[in-house]
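Undergrad: return a 3D structure for these sequence lines:
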Amino acid sequence: MKRINTIAYLLAVVLLLSSAFLVIFDHAMLKGYFRDENQFVASGKLLEAEGLLPYRDYPYFHMPNLVFIYAAIYKLTDFTLLGARTFSVLCACAAGAALLYAAQRFYRHRSRWLGLSVGAGAFLLLLPNPLFRFTSGLAWNHDFPVLLTLAATISVLSMTSQQQTRWSGLGSGFLLGLAVGARLTFLAALVPFLGYYALSPQERTLRGRIRSLSLFLAGFFLAMLPSLILFSIAPKQFIFGNIEYARLNTLYRLATEFEGPMTLNGKLIFLLQRVLDQPGTAITLVMFVLFTLNCLTVNLAGFIPPPQPSKGQEEGGSYSTIVFNIIFLISLLLCLLAGAFLPTPTWYQYFYTPLPLIILGIIYTLSCLDRLSRPVHVKSLLVFILGIFLVNFFHFDQYPNLRRLAHPGSWYPIQTRVLGHKIQSITGDGRVLTLSPLFPLDGGAKIYPQYATGPFAWRVADLLTEEQRSLYRIGSKNELVRDLENHPPGGILVGLTKDAEGFFLDYARQKEYNPVDISKDLILWVPK
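TA: Okay, here's the model as predicted:
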């Protein structure tokens, strides 16, 4: 009977994870062109195909970890956009699996079926959320660092002994370092993690806390080695790509009279009107606040009995530990939210980062309330179930019907691959001049590395001096004609960045290139 129960449990887990993967993968295949994907796809391909490094050989405006990951993926497949998006899908699905693991961990004193049910509820809060659907599955740096930060946080909340605290410090530091090495705004999460290990109630001595903090920092800097190495190779270019470019981009937006959220007040209004006006996000946040306030109230009043330590473990999970963990969670969420406010302008996808952590907080506080009297934890579960129902009621249309998965030809990354082959068949060995480099790269064609970021480097080029452009490997109108005299393009691809492609079109017409329709949006100008 026990074996049958175990088999049924494993089948339920496999069914949940596979269903979630199909939903996320379907979303990723349905999404069309996102210009932000260009530099991530291009950087990985330039490293894999030509051995070019970001910052040193071409401009790159993010932390570098994904460059190496995508280059490794491209060693296994020529489907560049499909490979990159699939990696993001796996990261998003793994984030859901991490929430499932957390639920099992937090409910280890109860039936594993209850833990599985709460974990499934976490999936049902995440999958239909508009923030999740918009952000997950694209070839950019959101899914990967979110997964790593979520895993690091679960590692902290799952500790029950001093020895676990020390090993958790090494592991969570490494995970957070990898996250920061993929997206710099996650550096804001370093503050609450440092505070946790410096003040952790799991460690009873100053020496123990220093040891835990040292292990955390060791793991963090170990994971930061790829970034530190690239910084040592091209320090000025590294600083420009991760810090200075953001300032120039803000100046560009001001010069073009951009009307998006540019000020703190504008960003707060954006958060209220574009993010929290979505019922799923608002309901999830309300559940977190409700459970957190209840948990803090009853813990400070001493109503929740601390969990009993397992065999071989020291006493853990005291009132102070639970309150400390909740304060850590809240501070982490606030720091991640601050990270979403740092870039100017702020974009919708930046606010996805705290969402999985909010759901994790719901699971953790719900498990703490479960230790109260039966009426209290039953009411808490009923509120949890009601929240799940409401989120799915309002956003049920976010679930796909999955029929398109049976027709790979309709997937956008496959269509990109087809268009890329068409471009390569026309241009041959010639390089393609374009601000949409993921298309020619997906077909095996080569691009000009200085335009690997798509439109992002091109639009700030005029804000730099000629010496700076040369240092940062950024092409501009002033250097374009001169550079192309020695390396004329085999084709000029335009159509998806019309506001920045005027000079490319003028050059193509001046050199008497002929237009060839690649798709309804893309035109390839080729020499006679």
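
Undergrad: low-confidence ranges, this protein, go.
TA: Scanning the chain for pLDDT under 70 picks out 160-166, 301-319.

Undergrad: okay, which residue is most central for it?
TA: Geometric centre of the chain, nearest residue: His142, 1.2 Å, by C-alpha atoms, centre = their mean.

Undergrad: please name the residues that touch that residue.
TA: By C-beta atoms under 8 Å, 6 or more residues apart in numbering, His142 lies in contact with Ser88, Thr135, Ser136, Arg183, Gln349, Tyr352, Thr353. From N, CA and C alone the C-beta is placed, and that goes for glycine too.

Undergrad: redo that, cut-off 7 Å
TA: Listed by C-beta atoms under 7 Å, 6 or more residues apart in numbering, the contact set of His142 reads Thr135, Gln349, Tyr352.

Undergrad: please apply the same query to Phe240.
TA: Tyr472.

Undergrad: assumed Pro515 was part of a helix.
TA: No. Per DSSP: H, G, I helix; E, B strand; the rest coil, Pro515 lies outside any helix segment and is strand.

Undergrad: that one and Tyr33, how far apart?
TA: According to C-beta to C-beta, to the nearest Å, Pro515 and Tyr33 sit 20 Å apart.

Undergrad: next: Tyr55.
TA: Tyr55 is 26 Å from Tyr33, by C-beta to C-beta.

Undergrad: more neighbours: which of those two?
TA: Between Tyr55 and Tyr33, Tyr55 has the larger neighbour count (other C-beta atoms under 10 Å), namely 24 against 16.

Undergrad: looking at the contacts of His142, which is nearest Gly387?
TA: Nearest to Gly387 among those: Tyr352, at 18.9 Å, using C-beta to C-beta.

Undergrad: grab the nearest non-local neighbour of that closest one.
TA: Nearest non-adjacent residue to Tyr352, counting by C-beta to C-beta, 6 or more residues apart in numbering: Thr135, 4.1 Å away.

Undergrad: count of neighbours near Ala223?
TA: Ala223 has 20 neighbouring residues, counting by other C-beta under 10 Å.

Undergrad: swap in Lys498?
TA: Residues near Lys498, counting by other C-beta under 10 Å: 10.

Undergrad: check Asp429 too.
TA: Neighbours of Asp429 under the rule other C-beta under 10 Å: 8.

Undergrad: helices of the stretch 1-150 of the chain, start to end?
TA: For the stretch 1-150 of the chain, the helices defined by DSSP state H, counting those that start in this stretch cover 2-30, 37-50, 65-76, 80-106, 112-126, 130-135, 143-157.

Undergrad: how about these in JSON lines, adding distance to Thr281 and mean neighbour count?
TA: Formatted as JSON lines, these follow (distance: least, C-beta to C-beta, whole Å; neighbours: other C-beta atoms under 10 Å):
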{"stretch": "helix 2-30", "distance to Thr281": "17", "mean neighbour count": "15"}
{"stretch": "helix 37-50", "distance to Thr281": "24", "mean neighbour count": "24"}
{"stretch": "helix 65-76", "distance to Thr281": "26", "mean neighbour count": "19"}
{"stretch": "helix 80-106", "distance to Thr281": "16", "mean neighbour count": "24"}
{"stretch": "helix 112-126", "distance to Thr281": "10", "mean neighbour count": "21"}
{"stretch": "helix 130-135", "distance to Thr281": "6", "mean neighbour count": "22"}
{"stretch": "helix 143-157", "distance to Thr281": "15", "mean neighbour count": "25"}
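
Undergrad: quick one: which of those helices is nearest Lys477?
TA: Smallest distance to Lys477 across these (C-beta to C-beta): 19.7 Å, for helix 37-50.

Undergrad: contacts for the closest one?
TA: Helix 37-50 is contacted by residues 52-54, 58, 60-61, 66-67, 70-71, 73-75, 80-81, 84, 138-141, 436-438, 441, 447, 449, 452-454, 456 when judged by C-beta under 7 Å, 6+ apart.

Undergrad: still on that earlier bit, kindly reformat the contacts of His142 as JSON lines containing distance to Leu496.
TA: Converted to JSON lines, those look like this (distance: C-beta to C-beta, whole Å):
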{"residue": "Thr135", "distance to Leu496": "21"}
{"residue": "Gln349", "distance to Leu496": "19"}
{"residue": "Tyr352", "distance to Leu496": "24"}
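
Undergrad: out of those residues, which is nearest to Phe193?
TA: Nearest to Phe193 out of those is Tyr352 (C-beta to C-beta; 20.1 Å).

Undergrad: settle this for me: that closest one is touching Arg133, isn't it.
TA: No. Between Tyr352 and Arg133 there is no contact under C-beta atoms under 7 Å: 9.7 Å.

Undergrad: which residue is the nearest non-sequential neighbour of Phe106?
TA: Phe106's closest residue in space is Ser367 (C-beta to C-beta, 6+ apart), at 3.6 Å.

Undergrad: what sits against Tyr197?
TA: Gly169, Arg209, Ser212, Leu213, Phe216.

Undergrad: please identify the helix or strand for it.
TA: Here Tyr197, judged by DSSP states H and E, is contained in helix 190-199.
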